[in-house]
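Chemist: the amino acid sequence is not available; the structure is as follows:
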């Protein structure tokens, strides 16, 4: 399945309900929610109340991206608030903690993603592919929206897809009508759009973006 996962980091938060309706109208299956703590990344964004608020106004899949230290301590809270997919960073936990977190999330009937920063080699995530449902390849340095796409990350997507033909590969950072084609051809199938989605003057769908 190919789908957009519009990031509400770029949404009009004063009209979040209407912004969620725009996501639904686009045919997107996911809503991307970035949780940042100002420690793991140099920015602070949303917390659990936003996950709960979004859950109350949509049945879309809540795609929660934890850019925080000690993400394993917040897994139950995310689940209680309505997260469907919980993605944490490979760089935030050790091997034992990563496997334990994956097992815990799956035990609650939710999906697991692991994200890797641009400087993390794709080989570092290979040992964990058997434990997860999705790899999130950051195509910018995590922490802020509106950054430029890092083209060298395309090779990372290709490498992961060549290793595993079935796993979901999500890409996040600088994805727009041009770069989405590059990562789609590389093997990604879930595309996080922020500014390119919410600031667009026209309706956007994954089909339209890939067919342009």
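Modeler: Cool, the structure landed. Note that the structure is predicted; figures quoted are calculated from it, not measured.
Chemist: show me the biggest helix of this protein in terms of residues.
Modeler: helix 95-107 (DSSP state H).
Chemist: which helices and strands does the helix or strand following that one pack with?
Modeler: Next along the chain after helix 95-107, taking DSSP states H and E as the criterion, comes strand 111-116. In terms of contacts (3 or more C-beta pairs under 8 Å, 6 or more residues apart in numbering; DSSP states H and E), strand 111-116 is packed against strand 61-67, strand 85-89, helix 95-107, strand 134-138, strand 168-172. Every residue, glycine included, has its C-beta placed from N, CA and C.
Chemist: distance to residue 152, mean pLDDT and mean neighbour count added to those, as JSON lines?
Modeler: Converted to JSON lines, those look like this (distance: least, C-beta to C-beta, whole Å; pLDDT from 0 to 100; neighbours: other C-beta atoms under 10 Å):
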{"stretch": "strand 61-67", "distance to residue 152": "21", "mean pLDDT": "98", "mean neighbour count": "25"}
{"stretch": "strand 85-89", "distance to residue 152": "19", "mean pLDDT": "98", "mean neighbour count": "26"}
{"stretch": "helix 95-107", "distance to residue 152": "25", "mean pLDDT": "98", "mean neighbour count": "16"}
{"stretch": "strand 134-138", "distance to residue 152": "11", "mean pLDDT": "98", "mean neighbour count": "26"}
{"stretch": "strand 168-172", "distance to residue 152": "13", "mean pLDDT": "98", "mean neighbour count": "25"}
